[in-house]
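Colleague: Structure for the following, please:
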Amino acid sequence: MSTQLEKISIDAYFKKIETLSALSLYGQNVKIATHHIVKDVCEFAKNNANNPNTYLLALKEQLTAMANRTHPSMPGYKSTMEYAASLIVIHKL
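Modeller: Numbers count the residues shown, from 1 in each chain. Model prediction:
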């Protein structure tokens, strides 16, 4: 997969998690949905990315950076981003 397509897919998965983060601000429980999206992105990386570890690390860093920039008045948003980032585990072979 080309680098540009990988960037587009990272952005798409990030947007899905960002949407769930916004829903958490309204009191919705989004943990299960977040878990499924992260599972999907890990499966996608394993099967389609040139370097799955780099792909997952890029998404994890993007999620962590957004969580760190989130205003304290939005704890649900921040916790959803942090939860998604925590689910991405990179295994060294």
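Colleague: Could you pull up the residues touching the closest residue to residue 53 other than its chain neighbours?
Modeller: The shortest distance from residue 53 to any non-neighbouring residue, by C-beta to C-beta, 6 or more residues apart in numbering, is to residue 90 (5.1 Å). (Glycine included, C-beta is placed from N, CA and C.) Residues near residue 90 by C-beta atoms under 8 Å, 6 or more residues apart in numbering: 53, 56-57, 60.
Colleague: Tell me the secondary structure of residue 90, please.
Modeller: Secondary structure, DSSP: H, G, I helix; E, B strand; the rest coil: residue 90 is coil.
Colleague: Distance check, it against residue 7.
Modeller: Distance, residue 90 to residue 7, by C-beta to C-beta, to the nearest Å: 18 Å.
Colleague: Kindly report the same for residue 63.
Modeller: From residue 63 over to residue 7 the distance is 15 Å, taken as C-beta to C-beta.
Colleague: Neighbour count for those two, which is higher?
Modeller: residue 63 (25 against 12; other C-beta atoms under 10 Å).
Colleague: Find the nearest non-adjacent residue to the more buried one, please.
Modeller: Nearest to residue 63 is residue 85, by C-beta to C-beta, 6+ apart, at 4.0 Å.
Colleague: can you count the residues close to the one you found?
Modeller: Residue 85 has 19 nearby residues by other C-beta under 10 Å.
Colleague: Find the helix or strand that it is a member of.
Modeller: Using DSSP states H and E, residue 85 sits within helix 75-87.
Colleague: for residue 41, same thing?
Modeller: Using DSSP H and E, residue 41 falls in helix 31-48.
Colleague: In that helix, which of the residues would be classed as buried?
Modeller: 33-34, 37-38, 41-42, 44-45 (16 or more other C-beta atoms under 10 Å).
Colleague: what does that helix contact?
Modeller: Under C-beta under 8 Å, 6+ apart, the answer for helix 31-48 is 1, 9, 13, 16-17, 20, 52, 55-56, 59, 80, 83-84, 87-88.
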